[in-house]
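[1] mind folding the following:
(one chain, ligands or ions: 1)
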Amino acid sequence: MSKQRINELTKLLQDYNYQYYVMDNSVVSDFEFDSLLKELQELEEKHPEFASALSPTKRVGGDVTKKFEQVVHKYPMLSLSNSYSKEDIIDFETRIKKLTNDEIEYVCELKYDGVAIGIQYINGEFHQAVTRGDGSKGENVSTNVKTIKSIPLKLRGDFPGDFEIRGEIFFPLKNFEKLNKLRAANDEPLYANPRNTASGTLKSLDSSIAAERGLDCFLYGIYGENIEINNHFDLVNKAEEWGFKVPRVETNYIRKTSTIEGILEFIDFWDVERKKLPFEIDGVVIKVNHYDNQNRLGFTAKSPRWAIAYKFKAERVSTILEKVTYQVGRTGAITPVANLIPVQLGGTTVKRASLHNADIIEKLDIREGDTVFVEKGGEIIPKIISVDLTKRPIDLQLFEYISHCPDCNSQLERQEGEANHYCPNDTGCAVQITGRIQHFISRKAMNIDGLGTETIEVLFEQGLIKNAADLYELTFDQLIPIERMAEKSVNNMLAGIESSKHIPFEKVLFALGIRFVGDTVAKKLARHFGTIDNIIQASFETLIEVDEIGDRIAQSLIDYFAKPENLEIVNRLKEKGLQFELAHNEDATEKLKGFVFVVSGVFDKFSRDELKKSIEDNGGKVSSSISSKTDYLVAGDKMGPAKLKKAEKLEVKIIDENKYLQLID
Ligand code: IVH
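    Residues are numbered from 1 along each chain as shown. As a prediction, this is how the structure comes out:
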C-alpha cells in the first residue's frame with residue numbers, strides 16, 4: 001500500500017516538476033505541491049526501503065558529501081575557441097565552407113556564463129553529474145545537481161539507454177540578487193558575480209545550500225552511441241521531450257541558419273538584448289549543425305573545429321588605485337575597498353570597487369598606486385580585473401593587509417575556510433555597536449522616525465546608548481544639551497521611539513540583527529513560532545523543520561540566543577513594551593489559501609502595502625513578479641505595460657481592487 005502510494009506520488013511530483021521548471025506551466029498550486037511532497041517525505045521516512053534515490057524529495061537537499069569523487073570523462077570536455085570580432089566569425093564561416101564544400105547549416109546559441117556540467121543517464125535515470133575539471137576528469141557533484149529542479153531525475157519518452165548530456169549551470173540573476181540582499185542585510189560580504197557563485201555553490205559539500213540558492217541549467221550537447229538523430233538542432237529539441245530544459249526558437253535562445261547574415265544578425269540581436277535576460281551570457285556560440293559535417297571537421301587539441309564562440313566585450317577602463325580602505329560591518333566582517341581616481345564606466349562614474357578579501361588582493365598583486373583595469377560586466381559592483389604592470393612605478397611597496405581592526409584596533413581573526421577577516425570585539429568595537437543599532441532603527445526594521453544614522457553615532461559617542469534597548473531609556477533632559485538638537489527634533493525622536501513599540505513582531509525580530517535572519521526569514525519564523533520565547537526555546541531540529549530555514553540560519557539563531565548579553569537586550573526590550581508576539585489578527589481568514597498574487601500600480605482604496613497585507617491576512621501569497629505560478633494580478637492605475645503583457649501571455653487572471661474585495665468578501 002505505502003509502496004504503491006510512494007510510487008504514485010513520486011511519479012506525480014516528477015511530472016509537476018517537469019511542467020513547472022521545464023515547460024513553464026503550472027498545473028497545481030504551490031500549496032497542493034507542498035502537501036504532496038510532505039506526504040511523500042513522511043512515507044519515505046516511515047518506509048525508507050521503498051524510497052527512490054531519485055525521489056523528488058531529494059530536491060530539497062540535505063545530503064552532505066565529505067569529498068567529491070574524481071570521475072574520468074568518457075568524452076573529454078573541451079572548450080571553444082573564442083573570437084572577439086565579426087571578422088573572426090566571417091573567417092570561421094569561410095573556412096568551414098572551404099573545408100566541407102557543402103551547403104552548411106549552423107546553429108546559433110547563447111553562451112551561458114556559468115559552469116559546465118556533464119550528466120550521465122542510464123536507462124532513463126539520473127546516474128551522475130560531473131564538473132569539467134581539467135577536461136579529462138572532473139568531480140562528481142551529483143548531490144548538488146540533483147537539487148536543480150529543471151534537471152530531470154527520471155526521463156520521459158523514447159530516450160537513449162545510456163548517454164551524457166552537457167550543459168551549463170548558472171545562477172538566475174533574480175536569485176543571485178536575492179542572495180546578495182540577504183548577505184547585505186546580514187552584513188556579510190557580497191558575492192561578486194553570478195558565475196563564480198554558481199561554481200562555489202556547486203562545490204559546497206552540504207547540498208541544502210544549493211537547494212536554497214536556486215541554480216538553473218540549460219543543456220547544449222548530447223553524447224552517446226546509437227543516437228539516431230543526425231543533427232544537433234533536432235537532438236536538442238528532442239531532449240526537451242525527455243524532460244530537459246533546452247533553449248527554444250520562440251525566445252530566440254537558439255536559431256538555425258545557413259547564412260553568415262543569419263549568424264551576424266543573431267550576434268547583433270543578443271549584443272543588445274542580453275542586458276534584459278534573466279541570466280548572464282558572455283557571448284554566443286556558433287555550431288555546425290549536422291554531425292557528419294562536425295565529424296569531417298574534427299578537433300584541434302583543445303577545441304572543435306566545427307564551433308566557435310563570439311564573446312561580447314565587457315566594458316573595461318583603466319585608472320589609478322589611490323588607496324585601500326576598510327569597512328567594518330555590524331557583524332565585524334572586514335571589507336577592503338579600492339579607492340580609485342574617478343573614471344567613467346558604462347554611463348556611471350566609478351570611484352570605488354570592492355576588493356572582497358585579502359586573498360584576492362594577493363592573487364592580483366594589487367598595490368596602492370597601481371594602474372588597474374576596472375570592468376563592469378553584468379555585475380552590480382565594478383571590479384578590478386588586473387594590474388597594468390607596464391605602468392607600475394619601480395619603487396611601489398608590496399601591499400600589506402591590515403592585522404588590526406581599523407576602528408578598535410583589536411587583532412583581526414580569520415576562521416579556517418573563511419575568506420574574510422573579522423574583528424572579534426563585538427561588544428567593544430564602536431562601528432559594530434553603532435552598526436547594529438543603525439540596523440535596528442532602519443526603515444525595514446523598526447523604522448524609527450526622527451532618528452538617523454548620524455544621531456546614533458552622536459548618542460553613542462556621548463555614552464548614552466550601547467545597544468538598542470538603551471534607546472528606550474533616553475530622556476528629554478539627556479538629549480536637549482546635545483549640540484544641534486533642538487527641542488522639536490528631540491520631541492520627534494522620542495515620539496518615534498515610543499511609537500516603534502507598536503511595530504509588529506516580525507520586524508522586531510529582523511531588527512535584532514541576527515546573522516542570516518533577513519526580513520523574509522524573520523517573517524517565516526514569526527509566523528511559525530508565534531512568540532520570541534518559542535524561538536529562543538526551539539532546538540536546532542525544530543528550527544530546520546520550518547520551511548526555508550536551513551542549517552546555517554538555525555545555527556545562527558542558536559548561537560545568538562546562547563549569549564546572555566543578547567538575551568538581556570531582548571528581555572529589556574520586552575519590558576519596554578516592544579512586540580515579541582505575533583499580533584492576533586481578528587480579520588484573518590484562509591480565503592485565499594493556495595493562491596499567489598502580484599500587486600502592481602496605484603489603488604484608490606488601499607496603499608500597495610495595505611493591499612499586500614490584506615492578501616496575506618487572508619491566507620494568500622504575494623509575489624513580486626509574474627510567473628506561471630501567479631494566480632491573480634491585482635492591477636491598479638499606472639501599471640507598467642510589460643507586467644500586463646506578461647500576465648496576458650501567461651494567462652494570469654487580471655483583476656482590479658473591487659474584484660479583489662469581492663474575492664475576500
Ligand atoms: S558547446 C566542445 N554551447 O563554454 C565544447 N558551450 O569554452 C562544446 N558554454 O566549457 C561546448 N554555453 O561551459 C557550448 N551553448 C553553449 C555554451 C557553452 C556556454 C561554455 C561551456 C564550455 C565553454 C567553452
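[2] contact partners of stretch 386-401?
    Contact partners of stretch 386-401, identified using CB atoms under 8 Å, 6 or more residues apart in numbering, comprise 318, 324, 336, 358, 361-362, 364-373, 421. For the C-beta atoms, the positions are set from N, CA and C on the backbone; glycine is no exception.
[3] same thing but at 7 Å, please
    Residues outside stretch 386-401 that contact it (CB atoms under 7 Å, 6 or more residues apart in numbering): 318, 358, 361, 364-373.
[4] just the buried ones from those residues?
    Buried subset of the contacts of stretch 386-401 (neighbour count, 16 or more other CB atoms under 10 Å): Ala358, Ile361, Leu364, Ile366, Arg367, Asp370, Thr371, Val372.
[5] how about the contacts made by the residue nearest the centre of the chain?
    Nearest to the mean C-alpha position of the chain, by CA atoms, centre = their mean, lies Phe176 at 2.4 Å. When contacts are counted by CB under 7 Å, 6+ apart, Phe176 touches Pro194, Thr197.
[6] can I take it that it is in a helix?
    Yes. Assessed with DSSP: H, G, I helix; E, B strand; the rest coil, Phe176 lies in a helix.
[7] how near is it to the ligand?
    In this view, Phe176 and the ligand are 17 Å apart by CB to the nearest ligand atom, to the nearest Å.
[8] likewise Glu39?
    The value you get for Glu39 to the ligand, if CB to the nearest ligand atom is used, is 38 Å.
[9] and the furthest pair within the contacts of stretch 386-401?
    Largest separation among these by CB to CB: Ser318 and Ala358, giving 23.4 Å.
[10] ok, Gly298 - how many residues close by?
    By other CB atoms under 10 Å, the residues close to Gly298 number 10.
[11] now it, nearest residue through space, not along the chain?
    Arg305 (5.7 Å; CB to CB, 6 or more residues apart in numbering).
[12] hang on, the earlier thing: the ligand next: which of the buried ones among the contacts of stretch 386-401 are close?
    Subset of these in contact with the ligand: empty, counting by CB under 6 Å from any ligand atom.
[13] tell me where the stretch 351-500 of the chain is predicted with low confidence.
    Applying pLDDT under 70 to the stretch 351-500 of the chain flags residues 377-380.
[14] in it, what residue spans correspond to strands?
    Along the stretch 351-500 of the chain, counting by DSSP state E, counting those that start in this stretch, strands occupy 371-376, 383-387.
[15] contacts only, for Pro194.
    Taking CB under 7 Å, 6+ apart, one finds Phe170, Phe171, Leu173, Phe176, Glu280 in contact with Pro194.
[16] now do the contacts for Asp24.
    Ser628.
[17] now do the one 3 residues further on
    When the contact criterion is CB under 7 Å, 6+ apart, the partners of Val27 are Tyr16, Gln19.
[18] kindly recompute the last result at 8 Å.
    Counting by CB under 8 Å, 6+ apart, Val27 touches Tyr16, Gln19, Tyr20.
[19] cool, Arg330 as well?
    Residues near Arg330 by CB under 8 Å, 6+ apart: Asp187, Val431, Gln432, Gly435, Arg436, Gln438, His439, Gly513.
[20] scan the contacts of Pro194 and report the most crowded one.
    Sorting the contacts of Pro194 by how many neighbours each has (other CB under 10 Å) puts Phe171 first, at 29 neighbours.
[21] I'd say that residue and Ala198 touch.
    Yes. Contact criterion CB atoms under 8 Å: Phe171 and Ala198 qualify, at 4.3 Å.
[22] residues that sit against both of the two, list them.
    Taking CB under 8 Å, 6+ apart as the contact rule, Phe171 and Ala198 both touch Gly114, Leu215.
[23] hmm, who's touching stretch 69-85?
    Contacts of stretch 69-85 (CB under 8 Å, 6+ apart): 89, 92, 111, 116, 118, 120, 128, 130, 132-133, 135-140, 164, 166, 223, 283, 285, 299-300, 302-304, 307-311, 313.
[24] for stretch 465-483, that is, sorry about that
    Under CB under 8 Å, 6+ apart, the answer for stretch 465-483 is 433, 436-437, 440-441, 448, 451, 456, 458-460, 462, 464, 485, 487, 490-491, 493-494, 497, 501, 511-512, 568-569, 572-573, 576, 578.
[25] export that stretch to PDB, keeping only CA atoms.
    Provided in PDB are the C-alpha atoms of stretch 465-483 (Å, rounded to 0.1, in the frame of the first residue of the first chain):
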ATOM      1  CA  ILE A 465      23.500  54.200  24.100                       C
ATOM      2  CA  LYS A 466      25.400  51.000  23.800                       C
ATOM      3  CA  ASN A 467      22.600  48.800  22.400                       C
ATOM      4  CA  ALA A 468      19.100  49.000  21.000                       C
ATOM      5  CA  ALA A 469      17.400  48.700  24.400                       C
ATOM      6  CA  ASP A 470      19.200  51.900  25.700                       C
ATOM      7  CA  LEU A 471      17.200  53.900  23.100                       C
ATOM      8  CA  TYR A 472      14.000  53.300  25.100                       C
ATOM      9  CA  GLU A 473      15.600  54.800  28.200                       C
ATOM     10  CA  LEU A 474      16.600  58.100  26.600                       C
ATOM     11  CA  THR A 475      15.100  61.200  28.200                       C
ATOM     12  CA  PHE A 476      14.400  64.700  27.000                       C
ATOM     13  CA  ASP A 477      16.800  66.100  29.600                       C
ATOM     14  CA  GLN A 478      19.600  63.900  28.400                       C
ATOM     15  CA  LEU A 479      19.100  64.800  24.800                       C
ATOM     16  CA  ILE A 480      18.500  68.500  24.800                       C
ATOM     17  CA  PRO A 481      22.000  69.600  25.800                       C
ATOM     18  CA  ILE A 482      23.500  67.800  22.700                       C
ATOM     19  CA  GLU A 483      24.700  70.200  20.100                       C
END
